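Undergrad: Got a sequence here, can you model it:
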Amino acid sequence: MTLLCEYAYTITQGFFMSETMQYRTFPRFSEEQLSVLGFGCMRLPLNSHKGKDINRELAAAMVRKAVDGGVNYIDTAWPYHGGESE
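TA: Take a look at the predicted model:
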């Protein structure tokens with residue numbers, strides 16, 4: 001893991017291990033409860049400086065950690081990494 005990812009892991013581990021995820025309902029859109037924290041896929045870890053070369057193993061581990069911590073809102077969009085973040 002890179003230093004940045006180790007730092008992010010330490011921060012999220014501290015949050016997920018000591019806190020309970022909070023959720024909000026947005027009745028105008030859905031009765032589904034969404035986590036107050038989301039996971040953004042715009043800046044997934046890369047294998048190189050190319051915008052589409054996602055480190056899939058590390059990215060999957062990061063998403064899994066977020067989901068295991070209670071995150072159920074994952075922000076993906078076609079422009080992120082040329083459509084590869086979805």
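Undergrad: Tell me which residues are up against stretch 75-86.
TA: Counting by C-beta atoms under 8 Å, 6 or more residues apart in numbering, stretch 75-86 makes contact with Gly38, Phe39, Gly40, Cys41, Met42, Leu44, Gly51, Lys52, Ile54, all of which sit outside it. Placement of C-beta: from N, CA and C, glycine included.
Undergrad: can you pull up the bridge partners for the residue sitting nearest the centre point of the chain?
TA: With distances taken as C-alpha atoms, centre = their mean, the chain has Phe39 as the residue nearest its mean C-alpha position (2.9 Å). With DSSP bridges applied, the residues forming beta bridges to Phe39 are Ile74.
Undergrad: Strands of this protein, residue ranges please.
TA: Shown for the chain, the strands assigned by DSSP state E span residues 23-25, 33-35, 39-40, 74-75.
Undergrad: can I get the ones you listed in JSON lines with distance to Ala61?
TA: Output for the strands of the chain, formatted as JSON lines (distance: least, C-beta to C-beta, whole Å):
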{"stretch": "strand 23-25", "distance to Ala61": "24"}
{"stretch": "strand 33-35", "distance to Ala61": "19"}
{"stretch": "strand 39-40", "distance to Ala61": "12"}
{"stretch": "strand 74-75", "distance to Ala61": "14"}
